[in-house]
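**Student:** Here's my sequence, what's the structure:
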Amino acid sequence: MSKVSPEKTDPFPMVNGTPKHIHKKVYSNAISFSALLNRRVQRFYRWWAHFVSRNAWRLIVFCIVLTIICGAKMVTTKRKNNIRGYTPYGSRALHEFDVRDEFFNQNGFGFRFFVLLVPKDNSTSQKNNMLTEEALEEAVEVDDFIQNNFTIYNHVSKEQESFNQICRRFCTINEPVRLFHIGLQQQNEQLQKGEPLNRRIILDYPTMTMFGQEVSLQPNFFGIHFWNETTDDKGNLSNETALAKPSVLRSVSNMARAEMIVLLYRAERIGGWSDDEIMNYEMNVSNYFKNEYVGKHLRVMTISTSYVNKEVERAGKLLMPFVGIGFLVMSAFSLLTCTLAALYMKQVSVYRMPLTILGCICPFMASCTALGLLFFAGLRNSSILGVVPFLLLAIGVDDAFLTIHAWQKLYKRDGERKPGQSVDEFVVNKLAMVLEDTGPAILISALTNILADSIGAFTGSPEITLLCVANIMAIAVDFLFHITFFCSFLAILAKREELSKQANELDGKKPLENGSASSGESDKESGNFKSTIPIDLPRRDHFNALFNTFVDGYVKVITNSFVALIVCIFWTCLIVVCFRGMLNFEINLTTQKLFPRDSPLLEIENLREEKILPFYSTAQLFINKPGNLSDPVRRSHLDQLVQEMESLPYAYGDSHSTMHFLRDFEIFSKSLREDDEAMDGEGDSSNAQDLLEGAPENATLENSAAIAKIDTLPHAGSAALSSDKENVPLNVESDLGIFLAWPEYGHWKGLLNYHKEDPQSNGSSGPPRYVVDSFMITVAYRGHELKEWSTRAHQLGEWRRVVDKYADEFNVTVLHDDGLYLDLLENMITDIWQSLLGTLFCMAGLCAVFMFANGGLLVVIVAVCVIASVMIVTLGLLALNGLTMDPVVMAAVIVAIGFSVDQPTHVAYHFYTAEIQPENKKSKRSIIEQRVRHSFHSVGWPAIQASSCTAICILCLLLVPLYIASVFAQVMCLAIILCAIHSLVLLPAMLTLPHKLLSLWHRRSDTYDVQKQQPSSPQ
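**Tutor:** A predicted model of the protein is given here:
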């Protein structure tokens, strides 16, 4: 009985190999969807080869013209970033910010910028102290300058207006600085006159008292050091930083020193301004203080969303020159590696060299075209789209090298033209065979990336959707450019090469490569290729022998059962370690990483994290259904909400740090009722109505005259309020207008939405009624832990849990200024997992479609496992190396996930379609060795070329002094190296073990069959 050796039994039988041999093998299960699809794809590529050969120049011109047009559109399209772009779809923060915009009745973002004032070194009488008279005076001058000197055209009033003219709600937000300066001046004047200090001026922190009126200093004064402190934040004695005249400040303030003053400017979008107009206004302020203003005692720094966007754009522009350098280095390296490959194939020719450069150019052309087409379609030009060329570079270069290598293999195998075969027919046939060999693998990798990005486009966040859509378009265009632009040049250069060889033959010239009478033998060996460059034959043959020895050794080692087992065990341990590291990926959203190293925003962001966030963070509560605030029961429920917010961790826990208009209104109402008791009822009503009608609409506390008025105002302290609070009857509907008319309470207009109802309009009698539609409460928090994003994210969760209890009753919403980014903390990991799983599922589905027939399921499973390993090990090593997760790392990882599919797909497909020649079945090589050898010869060298070229281009980014460049270089180079190692080491090792197990199973099965068929011995 004849048997087939188990080692020669192919566990991966094929129907679809190289076209020349497909029809020579007939299997019983050949009619399958996978095999049929492969035939259709290969048939299309054969037709396409004829089309490209006939229309090569037309396709080239079309691609170049399209690239020029789309490239011009890409360059001229203004970059526009969306501050909410990274916030996930359905994020609660998006709703919270929409509620805020609705509260302030603005469509889009209005004006919002901050001015940070710090002392110049040794410029004041006290080092690093903003509480000196000269520093405070200059701070007030800066505020006046911003309020009055920067104008913008109001499209509604048709006039140029300054900030104090367009401001509506928050016009007095910086008044505490002015009042503190005035109070300090008055106390100094008292001291100079030899008079006692005014005991009604107490400049304490966090709340100062000016003639009985309490004013919070928390939003404006930072880096506070108190008199009872013995050391500052650096461990030095703080008494040395006290005022030169400590008797003044000691008597009126508990502060010894303030390191920084912050001025805030907010205005609603009331003038019909565009986003560009608002951005230009904010940038005019920033540019003036950055480039023109020279302070006597202070350094003035500004920060705004517009300034942040400008610095991020500037960072992106720093990358462009280095990308160009990387392209030049990559092109030179590609030329070198392709020349070495041609030497090995004995096919060195000047007509092959341009192809290597075109392989590098094609991905950049596709990027320009894809982005230009998207911009023509109205897609926003975001900064994140700058990473698209990197993804396309890895995919496009790999496809080009794979095609060049396949072309050289066919030349070596089939030789030159047959007698009577035209040049056009010869080139068309060769191109068709190349596309049939490499096209399906290129198509699988492109479709996998497209489908994975399609999943990502409907999940995550708007910026990730934007990136995914751009990737989809870029990959599709790159695939089309590869089979049109690149293949057209391949056909043209191949024709030129054949015509040159034909001319040499007609002229009777001998090949320069041989240079001897033995040319016929050499021609036969090399496929009758006529080289146009002289070659040192002994060195070339020695190099070929070394390379073949290396390949044989590589195949023997990697297909050895013991080695394959060791590789798989080692990699399993590595995956476990990396998976644990990946789960502990630290998240850090510090925006400093986005700026160039010379950006002024670095210092500002550092001051914000060190001086502002730990001492003053606010929860902004929007009460959208206040109801009847005169109802004591409803008011007590509202007070309970505020008290719960004030009882949370890190809260100041006192009423002075909470801005709640009802608390001041209760004080006002109590004073008003006390006056009512002392006055005649009729006269009081008249006086109150006169007061309401005659009070200035925009009265502010801007000078000493305003302070003098404060001294005459009715006032009751918070202690009196707390003791008699329940006995204070409130009539919000009748007294709100009077309350807001007083100058010291006028600032509450910015935190209230109300309307006035006149009973006379309905034919009724009585005074007008004021109805509160919505209002805003702020609760302050402090704590050094609040510098950490994770702590702030947890804090926001606590806020939301509290307000959710009262959501039905008051329709209350809580807002954190960083809420858009805090919700991103959870979303970043989700986006990466979605991209990873989407890529794996798409990869598995497409590979199954193309490779499921006749034993290909195992190849599909192994390929998917290898790609999953690339992703896990990449993330794990990044985490173990100390890299923190942020939007930049997230974008880089998503890009790396995209191109990690490419090389494993090519190796798996060529392993699946490996030709098992009949003569090789009699050789000593096992089936698995033949397949691995075929895969390495088909994909190994192109994979090494593509990985090296892409890594060299990306490594040039390390020359850029920019965090974004450093991260992309680290992430992508790591992914490229791991992808190559997985494709050439892990994948064949994982395919070897099942083969050995199947061989063992076959051997035991055959032994059992033989024993069963042997006749039993007679008894």
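**Student:** Could you pull out the strands in this structure for me?
**Tutor:** Using DSSP state E, the strands of the chain run over 111-119, 151-154, 159-162, 201-202, 207-210, 213-216, 221-226, 255-267, 298-304, 617-623, 658-659, 752-757, 769-781, 812-815.
**Student:** State which helix of the chain is the longest.
**Tutor:** Looking across the chain with DSSP state H, the single longest helix is helix 305-345.
**Student:** centre of the chain versus it, how much separation?
**Tutor:** Centroid separation for helix 305-345 versus its chain: 20 Å, with C-alpha atoms, centre = their mean, to the nearest Å.
**Student:** got the domain boundaries for the chain?
**Tutor:** Split into domains by automatic domain parsing, the chain comes to 17-84+346-529, 92-310, 622-817.
**Student:** now those as CSV including distance to residue 968?
**Tutor:** (C-beta placed from N, C-alpha, C; glycine too.) CSV is the format used below for those (distance: least, C-beta to C-beta, whole Å):
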stretch, distance to residue 968
domain 17-84+346-529, 7
domain 92-310, 20
domain 622-817, 22
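**Student:** closest to residue 877 out of those?
**Tutor:** Among those, the nearest to residue 877 by C-beta to C-beta is domain 17-84+346-529 (18.3 Å).
**Student:** so residue 945 makes contact with residue 401?
**Tutor:** Yes: using C-beta atoms under 8 Å, residue 945 is in contact with residue 401, at 4.5 Å.
**Student:** Now list whatever residues contact both of the two.
**Tutor:** 334, 338 (C-beta atoms under 8 Å, 6 or more residues apart in numbering).
**Student:** wait, residue 591 sits on residue 605?
**Tutor:** Yes: contact criterion C-beta under 8 Å: residue 591 and residue 605 qualify, at 5.8 Å.
**Student:** just to revisit the earlier point, how about the strands of the chain in JSON lines, adding distance to residue 610, mean pLDDT and mean neighbour count?
**Tutor:** Conversion of the strands of the chain to JSON lines gives the following (distance: least, C-beta to C-beta, whole Å; pLDDT from 0 to 100; neighbours: other C-beta atoms under 10 Å):
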{"stretch": "strand 111-119", "distance to residue 610": "12", "mean pLDDT": "91", "mean neighbour count": "21"}
{"stretch": "strand 151-154", "distance to residue 610": "33", "mean pLDDT": "90", "mean neighbour count": "16"}
{"stretch": "strand 159-162", "distance to residue 610": "33", "mean pLDDT": "90", "mean neighbour count": "12"}
{"stretch": "strand 201-202", "distance to residue 610": "28", "mean pLDDT": "86", "mean neighbour count": "20"}
{"stretch": "strand 207-210", "distance to residue 610": "23", "mean pLDDT": "86", "mean neighbour count": "20"}
{"stretch": "strand 213-216", "distance to residue 610": "21", "mean pLDDT": "83", "mean neighbour count": "19"}
{"stretch": "strand 221-226", "distance to residue 610": "8", "mean pLDDT": "88", "mean neighbour count": "20"}
{"stretch": "strand 255-267", "distance to residue 610": "10", "mean pLDDT": "90", "mean neighbour count": "22"}
{"stretch": "strand 298-304", "distance to residue 610": "14", "mean pLDDT": "92", "mean neighbour count": "21"}
{"stretch": "strand 617-623", "distance to residue 610": "13", "mean pLDDT": "93", "mean neighbour count": "23"}
{"stretch": "strand 658-659", "distance to residue 610": "25", "mean pLDDT": "88", "mean neighbour count": "22"}
{"stretch": "strand 752-757", "distance to residue 610": "34", "mean pLDDT": "86", "mean neighbour count": "14"}
{"stretch": "strand 769-781", "distance to residue 610": "16", "mean pLDDT": "90", "mean neighbour count": "20"}
{"stretch": "strand 812-815", "distance to residue 610": "24", "mean pLDDT": "94", "mean neighbour count": "23"}
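**Student:** which one of those strands lies closest to residue 956?
**Tutor:** Nearest of the strands of the chain (C-beta to C-beta): strand 298-304, 31.7 Å.
**Student:** show me what contacts residue 216?
**Tutor:** Shown in contact with residue 216 (C-beta under 8 Å, 6+ apart): 176, 206-207, 656-657, 659.
**Student:** do that again at 7 Å, thanks
**Tutor:** Going by C-beta atoms under 7 Å, 6 or more residues apart in numbering, residue 216 touches 176, 206-207, 656.
**Student:** Spatially nearest residue to residue 72, not counting backbone neighbours?
**Tutor:** Among residues not flanking residue 72 along the chain, residue 372 sits closest, at 7.4 Å (C-beta to C-beta, 6 or more residues apart in numbering).
**Student:** Distance-wise, check the closest residue to residue 844 other than its chain neighbours relative to residue 459.
**Tutor:** In space, residue 844 comes closest to residue 864 once its chain neighbours are excluded; the distance is 4.8 Å by C-beta to C-beta, 6+ apart. Distance of residue 864 to residue 459, given as C-beta to C-beta, to the nearest Å: 20 Å.
**Student:** how about TSV for the strands of the chain, with distance to residue 903 added?
**Tutor:** Formatted as TSV, the strands of the chain follow (distance: least, C-beta to C-beta, whole Å):
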stretch	distance to residue 903
strand 111-119	48
strand 151-154	55
strand 159-162	61
strand 201-202	72
strand 207-210	65
strand 213-216	61
strand 221-226	53
strand 255-267	52
strand 298-304	44
strand 617-623	48
strand 658-659	59
strand 752-757	60
strand 769-781	51
strand 812-815	47
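**Student:** Out of these, which gets nearest to residue 858?
**Tutor:** Set against residue 858 and scored by C-beta to C-beta, those come closest in strand 812-815, at 54.4 Å.
**Student:** With distance to residue 254 added, can I get the contacts of residue 216 in JSON lines?
**Tutor:** Output for these, formatted as JSON lines (distance: C-beta to C-beta, whole Å):
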{"residue": "176", "distance to residue 254": "15"}
{"residue": "206", "distance to residue 254": "10"}
{"residue": "207", "distance to residue 254": "11"}
{"residue": "656", "distance to residue 254": "13"}
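**Student:** Report how many residues lie close to residue 480.
**Tutor:** Other residues within reach of residue 480, judged by other C-beta atoms under 10 Å, total 16.
**Student:** Number the residues from 23 up from this point.
**Tutor:** Yes, from this point I'll number from 23; that puts the last item at residue 502.
**Student:** Not counting sequence-adjacent ones, nearest residue to it?
**Tutor:** residue 388 is the one closest to residue 502 (C-beta to C-beta, 6+ apart), at 8.0 Å.
**Student:** What is the burial count for the one you found?
**Tutor:** 30.
**Student:** Is it in contact with residue 503, as I believe?
**Tutor:** Yes: if you go by C-beta atoms under 7 Å, residue 388 and residue 503 touch, sitting 4.8 Å apart.
**Student:** Quick check: chain neighbours aside, which residue is closest to residue 225?
**Tutor:** residue 275 (3.9 Å).
**Student:** wait, doesn't that neighbour sit right on residue 229?
**Tutor:** No: with contact defined as C-beta under 7 Å, residue 275 does not count as touching residue 229 (11.5 Å).
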